[in-house]
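Q: Predicted coordinates and the sequence they were generated for:
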Amino acid sequence: MDYNVHDVVGVRLLNPSPLDVAMVTKQLGPFRGDLVKEPDVTVDFVETLSADTTRNVEVNETGFTDKDFFIFDGKQRVTAKVAFDQVGQRCMIVSQTGMERIPLLIPILHLTALKSDYVALNASAFVHQDRGIVATGWSKGGKIEALLAFGLRGAPYVGDHWTLLSGDGEKMFGLPGNVGLWEWSLESPGKREPGQLRDLALIPSNKSKTARPLKFFLLITRKEPEFLIQPTDPFEIAERMISATEYEQWPFMQKYLAFKFAFPGRRNQLIEEARALQYQILRRALAGKEAYTVWHPYPVVLPRLYEAMSPFAEA
């Protein structure tokens with residue numbers, strides 16, 4: 001069973017149950033299909049994954065034997081065996097069957113994409129009047145709200161949480177999934193909006209598409225009730241978002257540091273150099289793009305967010 005993520009990253013499943021396939025599809029989206037190259041990541045599902053002789057790094061979180069590194073479920077059950085020194089090459093993950101998710105699969109895909117000159121940006125993306133729009137920012141900064149605000153006006157969905165950008169700035173696509181909603185989003189003014197928002201929350205993954213990113217919006221919350229939108233140097237957005245990317249990758253990096261503690265002689269050059277590579281690709285992807293900073297109240301009313309952003313998205 002193979003997953004071809006836009007010819008950038010290939011994933012192969014070995015011995016998956018139907019539930020395992022459904023779980024991976026939920027994580028990755030509808031990318032099942034033939035690979036154009038050997039798989040970058042192989043996930044081997046096993047009935048029993050045990051490590052009786054495991055020594056702990058962090059109790060109930062990570063452990064190791066003489067050769068292997070294990071991830072636990074926060075209790076005492078082993079969930080996966082991961083070879084961090086293989087990430088970016090032909091990485092093998094051995095997973096217990098029947099899990100709710102594959103640990104670290106998404107960050108491993110993001111790192112692997114760097115080798116194909118793609119960077120994963122914590123951003124939503126959509127198309128408005130034939131223009132590819134990227135809305136980015138810190139966690140809970142308003143990215144999803146921007147997607148919803150424009151989606152209510154018919155903007156096609158590209159991605160909701162992570163958007164992959166090509167280094168030449170010509171392509172973007174997301175790893176599809178359901179759009180998360182806060183309760184207050186469903187209470188935004190408008191006779192039909194709650195129903196429309198629920199429909200958007202169930203956007204089928206096959207509606208995702210590739211688009212050419214033309215405009216970037218950095219969303220930041222503030223206490224003042226007014227909206228303020230300012231033209232911004234795109235490289236300033238790159239500077240800010242490389243820190244946001246590091247923040248989002250921190251859970252993965254914690255596991256990698258535990259791996260290096262367990263095996264002092266084993267390192268991964270791609271992971272070690274990831275920040276520099278991400279920053280380099282991000283700067284090239286944003287070079288010459290139209291960019292804005294959106295200062296907005298929190299929580300934000302979706303129609304007001306659209307009214308504030310749309311003149312800049314259309315200009």
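A: Here it is on my side, so go on. Residues are numbered from 1 along each chain as shown.
Q: for the stretch 51-200 of the chain, which spans come out with low pLDDT?
A: 52-53, 176-200 (pLDDT under 70).
Q: And the strands in it, which stretches?
A: All strands of the stretch 51-200 of the chain, identified by DSSP state E, counting those that start in this stretch, fall at 55-58, 62-64, 69-72, 78-82, 91-96, 118-128, 131-137, 157-159, 162-166, 172-174.
Q: before we move on, what about the stretch 201-315 of the chain?
A: Under DSSP E, counting those that start in this stretch, the stretch 201-315 of the chain gives strands at 213-222, 228-231, 290-297.
Q: can you put the ones you listed in TSV and add distance to T245, mean neighbour count and mean pLDDT?
A: Just so you know, the C-beta spots here come from the backbone N, C-alpha and C atoms, and that holds for glycine as well. Output for these, formatted as TSV (distance: least, C-beta to C-beta, whole Å; neighbours: other C-beta atoms under 10 Å; pLDDT from 0 to 100):
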stretch	distance to T245	mean neighbour count	mean pLDDT
strand 213-222	13	21	97
strand 228-231	22	12	98
strand 290-297	17	20	98
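Q: Any chance of those in a markdown table with distance to N56 as columns?
A: Formatted as a markdown table, those follow (distance: least, C-beta to C-beta, whole Å):
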| stretch | distance to N56 |
| --- | --- |
| strand 213-222 | 40 |
| strand 228-231 | 50 |
| strand 290-297 | 45 |
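Q: among those, which is nearest T136?
A: Between T136 and these, the tightest spacing by C-beta to C-beta is seen for strand 213-222, at 5.8 Å.
Q: Indicate each strand paired with that closest one and its parallel or antiparallel sense.
A: Strand 213-222 has its sheet partners listed here by DSSP bridges as strand 131-137 (parallel), strand 290-297 (parallel).
Q: So which of the ones you listed is nearest Q269?
A: strand 131-137 (27.4 Å).
Q: circling back to that earlier point, out of the strands of the stretch 51-200 of the chain, flag the one nearest I106.
A: With C-beta to C-beta as the yardstick, what comes closest out of those is strand 162-166 (7.2 Å).
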